[in-house]
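# Provided below are the primary sequence and the corresponding predicted coordinates.
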Amino acid sequence: MKIFLETKFISQSAYQYLIDAWPQYKMTFTEEEDCEIIIGMFANNPQSYFDQFKKLRWIILISSGYNHLDFSYLKKRGIRVTNAKGVYDIQIAEDVVAKMLYFNKNMHVYDNHRKKHLWKHEGTHFELYKQEALILGAGSIGQDIAKRLKAFDMKIIGYKRTHEPLPFFDEVVTDLKTLSKYYKTCDYLIIALPLNQYTESMIDASVLNQLKSSTLIVNIGRGEIIDQDALIKALNLEKIRGAALDVTVPEPLPKNHKLWDAKHIYISPHNSSASPKVQERRLNMVIELLKRDLGHKEIFNVVLQGSE
């Protein structure tokens, strides 16, 4: 059985452990038509890219997101798709907390003071303690965020489309009417949703107008989930406290884009998942999936069921 290993995000040297551990599979770094499994992100590949793999039965994504794939095409071919759910939870949760504290503790202000060699106290007006966080997307990433924020004695509200009791959440809501209630009360709005037909432009002008002027937005989901023009307007009119964005539209964000100059904004280049452990976690996931495939055991992280 042959596997193609994409090397855009995992180097050939990093893959070597996988190659050595699984002699049962023939692994290649070239796109060969008889590959049955392909591993990578495949973020910028058109549908026609997958035509070359005549025997393809399984795409193992090393990304959590999968909205870049044409599921109707893959479904017709009976190709299974699994994503990297769970691989990025820890580092993204830490990133969210860092962004919240960045704003709360005036870190950007003090860094500017440092550049000027200026010793000057600034007022601190916000804490995490006893505040309310609304986490849109109570999946594995949202749950890891909630776990860390609960250590600050925060009230945690989660949103997901299907109801289930979850640890670290005070309440999990599934309907938009209840969600609207928490838009009006939350101190922190954290977006950890996947991009799909239900979430695109979910945070539009009507939602932004419901938020308190002291609400801070953190988006580590997808840029398209927020109406970016509406967000810029809300920031410049100071209708909200600020926004920390790891994702934007487009990416990379052009140098002359007006989002850079919006008031009270922090932008990072879609790297909230960065970690010294990320390669290890990706490969451990792949190893476990291949182990289950060989043993004909249940496969996890399935986002599209194949014909098997």
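Perfect, thanks for sending it.
# Direction included, what does whatever helix or strand residue 38 lives in pair against?
Taking DSSP states H and E as the criterion, the element that holds residue 38 is strand 37-40. Strand 37-40 pairs in its sheet with strand 2-5 (parallel), strand 58-61 (parallel), by DSSP bridges.
# Could you export it as CSV, CA atoms only?
Provided in CSV are the C-alpha atoms of strand 37-40 (Å, rounded to 0.1, in the frame of the first residue of the first chain):
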residue,chain,number,x,y,z
ILE,A,37,-3.6,7.4,1.2
ILE,A,38,-2.3,11.0,1.1
ILE,A,39,-1.2,13.0,4.1
GLY,A,40,-1.0,16.8,4.3
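# Distance to residue 100, mean pLDDT and mean neighbour count added to the strands paired with strand 37-40, as TSV?
No exception for glycine: its C-beta is placed from N, CA and C like everyone else's. Formatted as TSV, these follow (distance: least, C-beta to C-beta, whole Å; pLDDT from 0 to 100; neighbours: other C-beta atoms under 10 Å):
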stretch	distance to residue 100	mean pLDDT	mean neighbour count
strand 2-5	37	97	20
strand 58-61	29	98	23
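# what about the ones you listed, which gets the closest to residue 175?
Closest approach to residue 175 among these is made by strand 58-61 (30.4 Å; C-beta to C-beta).
# quick one: contacts of the closest one?
Residues outside strand 58-61 that contact it (C-beta atoms under 8 Å, 6 or more residues apart in numbering) are 36-42, 50, 69, 74, 79-84, 286, 289, 293, 306.
# hang on, the earlier thing: what residues does the strand holding residue 38 touch?
By C-beta under 8 Å, 6+ apart, strand 37-40 touches 1-10, 25, 53, 56-62, 286, 293.
# follow-up on the earlier one: how about the strands paired with strand 37-40 in JSON lines, adding distance to residue 167?
Formatted as JSON lines, the strands paired with strand 37-40 follow (distance: least, C-beta to C-beta, whole Å):
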{"stretch": "strand 2-5", "distance to residue 167": "36"}
{"stretch": "strand 58-61", "distance to residue 167": "27"}
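# Tell me which of those lies nearest to residue 206.
Residue 206 lies closest to strand 58-61 among the strands paired with strand 37-40, at 33.5 Å (C-beta to C-beta).
# Output the closest one as CSV - backbone C-alpha positions only.
What follows is strand 58-61, C-alpha atoms only, in CSV (Å, rounded to 0.1, in the frame of the first residue of the first chain):
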residue,chain,number,x,y,z
TRP,A,58,-8.2,8.3,2.2
ILE,A,59,-7.1,11.9,2.8
ILE,A,60,-5.4,12.3,6.2
LEU,A,61,-5.4,16.1,6.9
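# which outside residues touch the next helix or strand after it?
Once strand 58-61 ends, the next helix or strand along the chain (criterion: DSSP H and E) is helix 71-77. Contacts with helix 71-77, where a contact means C-beta under 8 Å, 6+ apart, come from 47, 50, 56, 59, 81, 304.
# what's the average pLDDT for helix 71-77?
The average pLDDT for helix 71-77 rounds to 95.
# and what of stretch 203-212?
Across stretch 203-212, pLDDT averages out at 98.
# And for residue 210, the neighbour number?
16 (other C-beta atoms under 10 Å).
# who's in contact with it?
Neighbouring residues of residue 210 by C-beta under 8 Å, 6+ apart: 180, 183-184.
# ranking these by neighbours, who comes first?
Neighbour tally across these (other C-beta under 10 Å): the maximum, 20 neighbours, falls on residue 183.
# my read is that residue is in a helix, agree?
Yes: counting by DSSP: H, G, I helix; E, B strand; the rest coil, residue 183 is located in a helix.
# Leaving out chain neighbours, which residue sits closest to it?
In space, and not counting its chain neighbours, residue 183 is closest to residue 210: 4.2 Å by C-beta to C-beta, 6 or more residues apart in numbering.
# And residue 172, by the same measure?
With C-beta to C-beta, 6+ apart as the criterion, residue 172 has its nearest non-adjacent residue at 4.5 Å, and that residue is residue 158.
# Identify the bridge partners of that neighbour.
Under the criterion used here (DSSP bridges), residue 158 is bridged to residue 135, residue 172.
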